[in-house]
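**Q** Here's a sequence, model it:
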Amino acid sequence: MQELTYIFLTFIIYSVIGWLIEVTLCSVEEKRFVDRGFLIGPYCPIYGVGTLILILILTKYHDDLLALFVIGTFICSVVEYLTSFAMEKLFKARWWDYSTVKFNLNGRICLTNSILFGLGGIIILYVNPILQKFLHMIPFKVLSIIAIIIFIAYIIDNIISFKLINKIKNLTFEARKDNTEEITIKINKIIHEKSKSLMRIIKAFPNAIIYTKNKKKL
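**A** Now for the predicted structure:
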């Protein structure tokens, strides 16, 4: 139980860090605040999951920077690709698309991001021991209470967010092939009357490739 508490809090911390990175980069690029993330709260679980996998697999390569970079790049790329694929199949929407970026694979991952993830993996392996030391400085009873509160909030967030996103799946459009922009505009108009939270998600992922109920990929 104690070990699970530390693992969960590590997951949440890196998920929040990932959210902060996404928000910062996207806000600078868009020149406006962009609240990234599939969930309502300030965290991106893909970063938390990726980090836990990196810590589990790469710890034994701590002193081999090349191995850390190569394996980290591969692991993060696989996690991002599978996450994109799973979310697309589950919600009938593609949340990010690198099709216009050089050296991409099916628009789900691209070389630039993979390299950055690999470098990030190296940083994580050296920063994580410091984080763990800090967590272990906090009395476990206090830490467990914090973890329980965050866990409950996280579960509720997931339930609400999944229900909101399911509304997108139930929308139908008079869509034509390769007409993503028009679909997005229609979604914005419809969702504006349905849910502010859904509107936030659409703004966070303006290039999402939406699927209809009656058609396959547009």
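
**Q** separation between Ile12 and Phe162?
**A** 18 Å (Cβ to Cβ, to the nearest Å). C-beta: built from backbone N, CA, C; applies to glycine.

**Q** for this structure, what spans make up the helices?
**A** 2-30, 45-58, 65-91, 111-137, 140-169, 180-192, 196-204 (DSSP state H).

**Q** Let's test this: mean pLDDT of the shortest one, rounded?
**A** Confidence for helix 196-204, expressed as mean pLDDT, is 63.

**Q** Ile155 and Trp96, how far apart?
**A** 25 Å.

**Q** Among those two, which residue is more densely surrounded?
**A** Trp96 (18 against 10; other Cβ atoms under 10 Å).

**Q** re earlier: looking at Ile12 and Phe162, which one has more neighbours?
**A** Ile12 (20 against 13).

**Q** the bottom helix or strand of this structure by mean pLDDT?
**A** Sorting the helices and strands of the chain by mean pLDDT, DSSP states H and E puts helix 180-192 at the bottom, at a mean of 46.

**Q** Show me where the chain dips below the pLDDT cut-off.
**A** 91-93, 95, 164-218 (pLDDT under 70).

**Q** still on that earlier bit, between the helices of the chain, which one is nearest to Gly37?
**A** Gly37 lies closest, by Cβ to Cβ, to one member of those: helix 2-30, at 5.4 Å.

**Q** and that closest one, what other elements does it pack with?
**A** helix 45-58, helix 111-137, helix 140-169 (3 or more Cβ pairs under 8 Å, 6 or more residues apart in numbering; DSSP states H and E).

**Q** Including distance to Lys89, could the ones you listed go into a markdown table?
**A** Shown next, in a markdown table, are the helices and strands packed on helix 2-30 (distance: least, Cβ to Cβ, whole Å):
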| stretch | distance to Lys89 |
| --- | --- |
| helix 45-58 | 16 |
| helix 111-137 | 21 |
| helix 140-169 | 11 |
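
**Q** Since that was my last question, I'll sign off now.
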